[in-house]
Every structure is written in C-alpha cells, then in structure tokens.
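Q: A predicted structure for the sequence below; I have some questions about it.
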Amino acid sequence: MNKSELKNYFLKNTPAEKVLTRKEVMTITESLGVKPRIGHMMLMSDFPEITKVSRGKYSFGEYSTPAPAPVATPAPTPEPVMNFEKSAPISLRSVSSVSDDEIYVPSKDATFIKWGEFSKLKKIIESKLFFPTYIAGMSGNGKTMMVEQACAILKREYVRVQISPETDEDDLIGGFRLINGETVFQKGPVVKAMERGCILMIDEIDRATNKIMCLQGVLEGKPILLKKTGQVISPAAGFNVIATANTKGRGSDEGRYTAASIIDDAFLERFVAVVDQEYPPYATERKILLANAKSFDVKDTEFIEKLVAWSNVIRKTFEAEGVDDVVSTRRLCHIIKAFSIFEDRMAAIKMCVSRFEEETREAFLDLYTKIDESTLDENGEVVGETNAAGDNVEVTVDEDGKFVAPF
Ligand SMILES: Nc1ncnc2c1ncn2[C@@H]1O[C@H](COP(=O)(O)OP(=O)(O)O)[C@@H](O)[C@H]1O
Ligand SMILES: [Mg+2]
C-alpha cells in the first residue's frame, strides 16, 4: 500500500467528526499490513485533507476548530524593587555573608564540546558588559553546561541559582538567619554576585512563580535596596545575568514541561538577548558522546555510533509526531555511564529510558533494536538518512585500537 492509498483508506473510513489518536492511526495502519510507525509518518507528510487537531490527534474529514478557550488575564505586575519601604534599619555589622562559597570559577570539563551559540555567549561574558541573556531550549541539551564552561574558559566567577516554584526574595536577595545565636541578615546569591561583579546564572527561570519579580530591578542593572536593612547595593563592573529555561516563559503547549510557568512580559522584556538552543546536530552530539565515552573509559565506539543514530531517529520521529518524547544529550551521556558499569548495551539503555511512559519507552527500545541490527526499515528511510548524515565524521583509532575522539 502506498502513501495515497493509505490516505484514501483513512479518508473513506473515518467519519468527519471523528478525531483519531496516533495510537488508533497506528493500529489501523498495522491492520492494513503497513508498519505502524512508517504508516503514521506517511500519513503525516503534508496531506491537506488531514487536519492536526492537536499534538497526536488527527481528523480525516472536514474538521471544524472548536472556539478557543478564553485567554487568562495576566497577573498584575508587582511593585518594583526600588521602593524605599520604611523598615527599621539595622546595624550594617549584622549584615553578614557567612560564606561566599557559592561564588567560584567553575572548573573546566574535558568532555565539553563547543558548538552552536557558545562563541556568542563567550563574547558576551568576555565583554564584561551588563547584557542579560536568556537561553531557551529543551531539557538536557547543554544550556547550563555552556554557561558554566564559558565562565571556566574565561576564568570568570559565577553564582548559580537553581529556581523552583518555592524560590522567593529571601532565597535570592537575602534574609535573616540565626547564626551563632544571633539573628543576622545574610545576603542572597543575587546580591553577592552584584557586589562581586560576577556572572549570575539563573537556572530554569521558567520554574519560578511571580516571586522572582523581585529581580526586575536587578535585570535593569540598577542598584537594589535591601529592604530589611536599608542598605543599597550597586552592581559592580562585570556583573551580568544569564538565565536558562526550557520555554520562553509562555508555558509549554505540548505538556512536556508542565512545571514551566508563564513569566510576566515586563520581566522578560528586561532580557537583552534571547538565544534558542536546539539539540546538538548529529556530528556535534557524536563528538560529545565520544568525549563522554573516553571519560568513562568506554571503548565500544560502535555503540556510540548507534546511540547517536538512535537519538537522531527519535528526534525525527518526534518531529513527525511518531513518539511523544525525545532522548536528550544528557540522557545519552547517562546511558554511556550506565554502559561503563554494566557493559551491556540494552541493559544500559533500558535502565536509562525507564522514566518514560510505557508507550514511549517501547517505541524508543523498538527504534534502537532496529538500529542495532544494522537493518534499514523496509522503506529504507529513517535509518538510512541518519547514517548518511553521520558519514562526514571520522572515527580515529590509535595504535592500541582505542578510539581517539575527533577534537
Ligand atoms: N557541549 C557539550 N559538551 C559535552 N557534554 C555536553 C554538552 N552539552 C550537554 N552535554 C551533556 O549533557 C548534560 C546536560 O547538560 P545541561 O547543560 O545540564 O543541560 P540543560 O541545562 O540544557 O538541561 C551535561 O551534563 C553533559 O553530560
Ligand atoms: Mg540546565
């Protein structure tokens, strides 16, 4: 059965008002003797008669879009930081930093591969200008590592703040702590970074609630008032803010990042640059995995090749809506680590994909088995394409038969 025969079958046999899920499409395809995933991908390749109702849901007739849900009105912008609230000034001697161990120059990671927007990010950090930057992209594609390694290479100090829905002004700016039996004001990481003129990395900023609005002034490069002590802190030269997030603060429509919050527009406006980070391209991810394999003393380069091909196929299948999730670069590195312990390809993969829901996990394992049997699928499409994309990268093996990563 070819593409258009398959399409006609669906058009003829699906009532106009019926919406089919991907699973139903695949079951029907399979009953017609076409491999389910391939059938699904054939159907999804631009037939105007097929309407995508939402992710993984399709209509094969005249589908009329339901009226859109009313848009929620955004929460009012809280008052700015620079409001000189009357609070009892306390002696500055009791403003303590306790320790500054969260400020440091991160150490260089031998497995780090520079790619994508790294050089731009490095230039921003190198400039020492105040240039708040927002890096958005899917989880586990190296956003945090990129900032950390840029600081490591430039020997710049940084402070990393991990955001969660619980994060508030007390965590960021500072608050009173009981130290040696005395209540003292302890400066938070943001204030420390400002005073020190270092890089403030706000990790996963889209996990925050409106409580992070207390950073509005900080993002403008203005001095801030420690309301609780009356002290005004001005940013020292070199201070800059870099935020990472999975979304651009508009929530996630696919349900993949359910914890992602909607960030106030006025707050997002303070970021000068927004960098989009995709998953690394085939050749880059291959380098990353080879470097990781080297660090875990994994010599099975064939396995690495298969892992890169596998992640590539999964991401293409995801784009074609054939699976609901993707494997991240981080997960691939976990698989290599697991392999270094168990020395069993399938065991390592299974262990590391067990967090996915059953259907996705099965699909991932199924795709891997195909790749590891070195068989092309019957259309010769997906796997073949991936191999071709990787052809231009060489694996070098040294005199001991050990591979040498190409960097
Ligand atoms: N450029 C890279 N070079 C080497 N390893 C990388 C690179 N990018 C990602 N990784 C691997 O993926 C992991 C996840 O990266 P991370 O920066 O934490 O992702 P994100 O912040 O985008 O969620 C890293 O710990 C590392 O093992
Ligand atoms: Mg991160």
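A: Done, it's in. Ligands and ions are numbered 1, 2, ... in the order given.
Q: what count of nearby residues applies to residue 8?
A: By other Cβ atoms under 10 Å, the residues close to residue 8 number 14. Backbone N, C-alpha and C define where each C-beta goes, glycine included.
Q: tell me which helix or strand it sits in.
A: Assessed by DSSP states H and E, residue 8 sits inside helix 3-13.
Q: domain assignment for the chain?
A: Domain assignment for the chain by automatic domain parsing gives 3-60, 92-276, 282-388.
Q: the last one near ligand 1 anywhere?
A: If I follow you right, that is domain 282-388. Yes: applying Cβ under 6 Å from any ligand atom, one finds domain 282-388 touching ligand 1 at 288, 329, 330, 333.
Q: residues from the stretch 101-250 of the chain in reach of ligand 1?
A: So far as Cβ under 6 Å from any ligand atom goes, the stretch 101-250 of the chain lies against ligand 1 at 111, 112, 113, 115, 139, 140, 141, 142, 143, 144, 145, 244.
Q: okay, now the fifth one: neighbour count?
A: Burial measure for residue 139: 15 neighbouring residues, criterion other Cβ under 10 Å.
Q: and what of the third one?
A: Residue 113 is surrounded by 23 other residues when neighbours are defined as other Cβ under 10 Å.
Q: might one say that it is in contact with residue 286?
A: No: using Cβ atoms under 8 Å, residue 113 makes no contact with residue 286, being 9.5 Å away.
Q: once you drop chain neighbours, what's closest to the residue in the stretch 101-250 of the chain positioned nearest to ligand 1?
A: Of all residues in the stretch 101-250 of the chain, residue 142 sits closest to ligand 1, at 2.4 Å by Cβ to the nearest ligand atom. Once flanking residues are discounted, residue 142 sits nearest to residue 329: 6.0 Å by Cβ to Cβ, 6 or more residues apart in numbering.
Q: I'd assumed residue 277 was in contact with the one you found.
A: No: using Cβ under 8 Å, residue 329 is not in contact with residue 277, being 10.7 Å away.
Q: check which helices and strands the helix or strand where residue 147 lies sits against.
A: Assigned by DSSP H and E, residue 147 belongs to helix 143-154. If contacts are counted by 3 or more Cβ pairs under 8 Å, 6 or more residues apart in numbering; DSSP states H and E, helix 143-154 sits against helix 118-127, strand 133-137, strand 158-162, strand 199-203, strand 240-245.
Q: quick one: the longest one to strand 158-162, angle?
A: With axes from the mean of the first three to the mean of the last three Cα atoms, to 10 degrees as the criterion, the two stretches helix 118-127 and strand 158-162 enclose an angle of 120 degrees.
Q: pull out the buried positions in helix 118-127.
A: 118, 121, 122, 124, 125 (16 or more other Cβ atoms under 10 Å).
Q: give me the pLDDT for residue 251.
A: pLDDT recorded at residue 251 is 84.
Q: so who does it touch?
A: Neighbouring residues of residue 251 by Cβ atoms under 8 Å, 6 or more residues apart in numbering: 260, 261, 262.
Q: hmm, 7 Å instead?
A: Applying Cβ atoms under 7 Å, 6 or more residues apart in numbering to residue 251 gives the contacts 260, 262.
Q: can you give me the helices in this structure?
A: 3-13, 22-31, 36-44, 118-127, 143-154, 169-172, 189-196, 265-268, 282-295, 301-319, 329-342, 345-353, 358-372, 382-390 (DSSP state H).
Q: just the pLDDT at residue 8, thanks.
A: Note for residue 8: predicted pLDDT of 83.
Q: and for the closest residue to residue 14 other than its chain neighbours, the neighbour number?
A: Spatial nearest neighbour of residue 14, chain neighbours left out: residue 60 (3.9 Å); criterion: Cβ to Cβ, 6+ apart. Look at residue 60: counted by other Cβ under 10 Å, it has 24 neighbours.
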